[in-house]
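Visitor: here are the coordinates; sequence isn't available:
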């Protein structure tokens, strides 16, 4: 006889519909949750390298703040929900906008989450990258949003396809995309397509949710103007210090119109009130003590990431000649190679590689369509692995491929 | 001719129903937002004193973390949404619970907010303190919750009244109360009433949302056992380091059943993922480097707060004899004196006192009933003012009273 859960816990507190709708980690999340064996090489997440993080500079900045040289005990007290003026001003100068358009968040994901709560009505349609950064779909669960997949190519979101869907009657509340060094496809949306996307947003009355955590990590080519995302009242432009100062800080920002910024702050006010005053003070000191420091730090970090990206691409071509197509990245943390031999079963390859201690994210986990797509792609995150480790990874992957042929 | 806002901004992005329902600051918030003049004395918020905050100890702990002596670069990287094990274990030991029942939040308010989202269905009734910590009503807006006011006396929440309402058919999803050193009424709920409240919750299937930020600030009398709040599956017990280490850190915790903790973590996962790893590492070091340090720090801080509470009570009785009733607090940050002369108009008194540079929170702002109640009370927050400043405040208040008689 089976006992129902209801009988076991007759008075268990009911969860809200919102909480019940939140999915368990699966697919993309599984790989991160699996048991790790010593020696495994995991190319799983968009994680900056430990050696690229400014531990020493942060210690010095924290010292200046905590000796009271900078801010005194105010660093320990409540502060404004929108963020400290000094940090908003630094971000505003960098983004070329008025500080009233900047609010400080606990990392980029927090900005996405606030925008979903404030601007995506429950059950609304949201056009999204396909393939997509899968965790955005989890944020969308907060509003029970329905994803409408729009293709992403080597030049980012396919704005033609979006326009076609709009002409066909699609009425999304928002369009979500990663414009620079797309996760997972590496592509960068050209400036004219950014402008066109914002024009469509203004004409059709939807929000552009531009998720830009990798923008600062360009190591090749020319930066693409993102001012279209920073001036329209139809854009929430999300960025973060996670990839440059460290994700553990949980520090990011949003650029939005004053009206939208105000709505986001009101939601934020009902969460945790504000980002740590102390951490903001330390980072303000870090960024302003020597105004050349941040860009110099980016330059050093990006040289590291460029070498790793190139080592990975070269190793794939050398070890698996003719079996993978890989595009040399211009920035960011991801490679999105495609298996060209359709005889190789992607799931079997993943298992064989994992057995050999080489783990990556399987392409199919990035589909936003609900269909099985992109199974012939691998997402390889190279940011936090040395060239030597990346070569060993590719050796193991090669051995896995050979085992299947 | 009047131009409608719609014509001015024909395509302005619509906010969600959730965002539109969030109220503007009023009443309680107004006082904090008013323009401050030099020399004004504001007894407005539950703010710890600058001199009671462990700036030096935190600098040393940060130094140990940032030299890598403690955690190395992991302090800069992503970490678990539930919080770092070391901090959960410290809290669990202090609360006398299993670490699986503890999750780390960005301050106490964040714990309330997560519980509202996960456990208060949209539009549900929530029984709340009356008078109440007004900002809880703002958190409740996230679920469009309907407050059902329950009286609070010198011994905290009136559990008799709650039971009467339950017998009368009230079916709240939750009961919100501040059990220790109630904000604003100073009262502490006796242990037997805590047990009774939890029994009612289990029988009727509602959540007890026990908001306990002042518990550590007892400076007189005996601590009341709160274990009833830490063992039931029908309680979310919320606490924070805001009043002891500093509100600017945004660091708190929740004790809840593993099932509820898991639901809260899933909501949290869709917000900012986790609390700053770096800040958690620093606070773990602070709390564990010398295991006697935290309690010794509380003892010093509470001596300071006891003196201030007593100075304020004595000054009121001396300067306004027979005009106010004030109960000597046993802990916390608040005095809730009552004006005994009904000829004094509370609003006129507030204005006259503000004109003389003495500001406080007016009692009526703490009503959760929607009616005008408690206007004969003043909420005076004494934690962050020296005895001398408190005496000057009372002098100004006395002068304001005299001006009205």
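Guide: Sure thing, it's come through. Remember, it's a predicted structure, so these values are computed and weren't measured experimentally.

Visitor: Run through the residues of the stretch 201-350 of chain A sitting next to chain B.
Guide: Listed as neighbours of chain B in the stretch 201-350 of chain A under the rule CB under 8 Å from any CB of the partner chain: A:202-203, A:205-207, A:233-234, A:245-251, A:259-260, A:263, A:266-267, A:269-279. All C-beta atoms are positioned from the backbone trio N, CA, C, and that covers glycine.

Visitor: Just those residues: which are in strands?
Guide: Under the assignment DSSP state E, these contribute residue A:207 to strands.

Visitor: So among the residues of the stretch 201-350 of chain A next to chain B, which ones count as buried?
Guide: Buried members of those, scored by 16 or more other CB atoms under 10 Å in any protein chain shown, are A:205-207, A:233-234, A:245-251, A:260, A:263, A:266-267, A:269-279.

Visitor: how close does residue A:290 sit to residue A:44?
Guide: 34 Å (CB to CB, to the nearest Å).

Visitor: who has more neighbours, these two?
Guide: residue A:44 (17 against 10; other CB atoms under 10 Å in any protein chain shown).

Visitor: Quick check: the more buried one vs residue A:334, distance?
Guide: Counting by CB to CB, the gap from residue A:44 to residue A:334 is 11 Å.

Visitor: which residues do these two both contact?
Guide: Residues touching both residue A:44 and residue A:334 by CB atoms under 8 Å, 6 or more residues apart in numbering or on different chains: residue A:381.

Visitor: For chain A, name the helix or strand with the lowest mean pLDDT.
Guide: helix A:5-8 (a mean of 40; mean pLDDT, DSSP states H and E).

Visitor: touching chain B at all, the helix or strand following that one?
Guide: Helices and strands here follow DSSP states H and E; after helix A:5-8, the next one along the chain is helix A:17-20. Yes - applying CB under 8 Å from any CB, one finds helix A:17-20 in contact with chain B at A:17-19.

Visitor: Buried only: go through those residues for me.
Guide: A:18-19.

Visitor: now, which of the residues of helix A:17-20 next to chain B sits nearest residue A:211?
Guide: Nearest to residue A:211, judged by CB to CB, of the residues of helix A:17-20 next to chain B is residue A:18 at 22.4 Å.

Visitor: Strands along chain A, start to end?
Guide: Going by DSSP E, chain A shows strands at A:41-43, A:102-105, A:125-130, A:146-153, A:156-157, A:174-177, A:207-211, A:235-240, A:252-255, A:324-325, A:334-335, A:338-339, A:358-362, A:378-381.

Visitor: can you redo those as TSV with mean pLDDT?
Guide: Below are the strands of chain A laid out as TSV (pLDDT from 0 to 100):
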stretch	mean pLDDT
strand A:41-43	96
strand A:102-105	98
strand A:125-130	98
strand A:146-153	97
strand A:156-157	98
strand A:174-177	98
strand A:207-211	98
strand A:235-240	98
strand A:252-255	98
strand A:324-325	96
strand A:334-335	98
strand A:338-339	98
strand A:358-362	96
strand A:378-381	98
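
Visitor: Looking at the ones you listed, which is nearest to residue B:127?
Guide: Of these, nearest to residue B:127 by CB to CB is strand A:102-105, at 33.3 Å.

Visitor: Run me through the strand neighbours of the closest one, direction for each.
Guide: Using DSSP bridges, strand A:102-105 pairs in its sheet with strand A:252-255 (antiparallel).

Visitor: residues touching residue A:302, list them.
Guide: Taking CB under 8 Å, 6+ apart, one finds A:217-219, A:331 in contact with residue A:302.

Visitor: For residue A:250, which residues are in contact?
Guide: Residues in contact with residue A:250 (CB under 8 Å, 6+ apart) are A:106-107, A:110, A:242, A:275, B:272-277.

Visitor: cutoff 10 Å now
Guide: A:105-110, A:240-242, A:275-276, A:279, B:78-79, B:106, B:250, B:272-279 (CB atoms under 10 Å, 6 or more residues apart in numbering or on different chains).

Visitor: next one: residue A:177
Guide: So residue A:177 contacts A:127-129, A:132-133, A:136, A:150, A:152, A:156-159, A:162, A:189, A:193-194, A:197, A:208-212 (CB under 10 Å, 6+ apart).

Visitor: And for residue A:318?
Guide: A:391, A:394, A:398.

Visitor: same thing with residue A:161?
Guide: Residue A:161 sits in contact with A:127, A:130, A:149-153, where contact means CB under 10 Å, 6+ apart.

Visitor: for these, which one is nearest chain B?
Guide: residue A:127 (14.8 Å; CB to the nearest CB).

Visitor: Would you confirm that the closest one contacts residue A:369?
Guide: No - using CB atoms under 10 Å, residue A:127 is not in contact with residue A:369, being 11.9 Å away.

Visitor: overlap in contacts of these two?
Guide: Residues touching both residue A:127 and residue A:369 by CB under 10 Å, 6+ apart: A:147-150.

Visitor: Turn the residues you listed into CSV, columns for distance to residue A:96.
Guide: Formatted as CSV, the shared contacts of residue A:127 and residue A:369 follow (distance: CB to CB, whole Å):
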residue, distance to residue A:96
A:147, 32
A:148, 31
A:149, 32
A:150, 28
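
Visitor: How much space separates residue A:283 from chain B?
Guide: Separation of residue A:283 from chain B (CB to the nearest CB, to the nearest Å): 11 Å.

Visitor: ok, that residue touching residue A:293?
Guide: No - look at residue A:283 against residue A:293 with CB under 10 Å: they stay out of range, at 11.6 Å.

Visitor: joint contacts of the two?
Guide: Contacts common to residue A:283 and residue A:293, judged by CB under 10 Å, 6+ apart, are residue A:61.

Visitor: more crowded one of the two?
Guide: Neighbour totals were compared for residue A:283 and residue A:293, and residue A:283 leads with 25 against 15 (other CB under 10 Å).

Visitor: Please report how far that one lies from residue A:106.
Guide: 12 Å.

Visitor: cool, residue A:238 as well?
Guide: From residue A:238 to residue A:106 the distance is 12 Å (CB to CB).

Visitor: Overlap of the contact sets of those two?
Guide: Joint contacts of residue A:238 and residue A:106 (CB under 10 Å, 6+ apart) are A:113-114, A:252.

Visitor: Compare the residues you listed and tell me which is most surrounded.
Guide: residue A:114 (31 neighbours).

Visitor: Chain neighbours aside, what residue packs nearest to that residue?
Guide: Among residues not flanking residue A:114 along the chain, residue A:264 sits closest, at 4.5 Å (CB to CB, 6 or more residues apart in numbering or on different chains).

Visitor: Next: residue A:350.
Guide: Closest to residue A:350 by CB to CB, 6+ apart is residue A:362, at 5.3 Å.

Visitor: isn't the one you found right up against residue A:345?
Guide: No - using CB under 10 Å, residue A:362 makes no contact with residue A:345, being 11.5 Å away.

Visitor: so what's in contact with these two at the same time?
Guide: Both residue A:362 and residue A:345 are contacted by residue A:375, under the criterion CB under 10 Å, 6+ apart.

Visitor: can you tell me the average pLDDT over stretch A:290-305?
Guide: The pLDDT scores in stretch A:290-305 average 97.

Visitor: For that stretch, buried residues please.
Guide: Residues of stretch A:290-305 classed as buried under the neighbour-count rule (16+ other CB under 10 Å) are A:294, A:297-298, A:301-302, A:304-305.

Visitor: Just give me how far that stretch sits from the chain centre.
Guide: 20 Å (CA atoms, centre = their mean, to the nearest Å).
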